[in-house]
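Sequence first, predicted coordinates after that:
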Amino acid sequence: MQAAIAPATVEREVPESWLLLKRAIDVALGLILLVVAAPILALAAVGIVCTTGGSPFFAQERVGMHGRRFKMFKLRTMVNGAHKMRDDLMHLNEVAGPVFKIRNDPRLHPLGRLLRRTSIDELPNLLNVVLGDMSLVGPRPALPCEVAHYDGFAMRRLTVPQGVTCLWQINGRSEVSFEEWMVLDNRYVDTWTPLGDLIVIAATVPAVLRKDGAH
């Protein structure tokens with residue numbers, strides 16, 4: 001059963017022109033970034049195959065705008081069968097709330113740790129952007145099992161397109177508590193503009209280079 005917006009969730013109304021401009025920016029810039037990132041993706045994919053075997057890419061079901069499910073593409077950073085280990089490692093979870101994050105996740109393969117630290121593993125998200133599943137800027141798409149535990153405040157993050165980068169990404173990422181994360185996502189819902197998206201994209205570059213909260 002697909003996740004749905006809670007009845008009490010208030011959706012912000014924005015001009016239709018903003019949504020059209022947001023999509024135009026996504027397609028144009030997404031295609032450019034895909035071309036630029038292609039050599040890095042190719043090298044990373046070859047490295048994953050050579051060091052771990054198996055497919056270098058990973059498609060995981062995530063929850064998009066208004067609860068629509070889609071497959072989000074990433075470079076595979078974990079060992080094969082990592083999803084089966086989640087329950088056994090739950091006691092190591094370092095984040096409160098309906099999310100699961102471990103700073104030194106034992107499921108990561110050696111190259112995967114580097115890909116996470118540099119955010120290279122997220123470059124295939126650009127394909128989701130071009131396909132229309134995601135936007136360049138917006139709350140990070142959550143897992144269905146996480147959304148199932150959202151309250152009305154957290155559900156508001158699903159009233160906008162989910163994104164590759166967001167206020168959470170440029171304000172500490174995994175160093176930010178779940179409550180602060182939801183506050184940042186709600187701030188984005190209430191304040192985003194096409195120009196503001198470009199500012200977030202520009203701020204993402206130094207945040208990635210600094211490796212802020214990337215693990």
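Great, that's in hand.

Any regions of this structure where pLDDT drops low?
Residue ranges of the chain with pLDDT under 70: 1-9, 87, 212-215.

Report the central residue of it.
Arg140 (3.6 Å; Cα atoms, centre = their mean).

helix/strand/coil for it?
coil (DSSP: H, G, I helix; E, B strand; the rest coil).

Pretty sure it sits against Trp168.
Yes: contact criterion Cβ atoms under 8 Å: Arg140 and Trp168 qualify, at 6.5 Å. All C-beta spots, glycine's among them, are computed from the backbone N, C-alpha and C.

Packing partners of the longest helix seen in the chain?
Longest helix in the chain, counting residues (DSSP state H): helix 16-52. The contact analysis (3 or more Cβ pairs under 8 Å, 6 or more residues apart in numbering; DSSP states H and E) places helix 16-52 against strand 69-75, helix 110-118, helix 125-131, strand 135-137, helix 194-210.

hey, which of the ones you listed is tucked in deepest?
Of all the helices and strands packed on helix 16-52, strand 135-137 has the most neighbours on average by mean count of other Cβ atoms under 10 Å, namely a mean of 26.

May I see the buried residues of the very next helix or strand once past that one?
The first helix or strand that comes after strand 135-137 along the chain, using DSSP states H and E, is helix 144-147. Neighbour-count burial for helix 144-147 flags 146-147 (criterion: 16 or more other Cβ atoms under 10 Å).

For Val10, give me its contacts.
When contacts are counted by Cβ atoms under 8 Å, 6 or more residues apart in numbering, Val10 is found next to Arg156.
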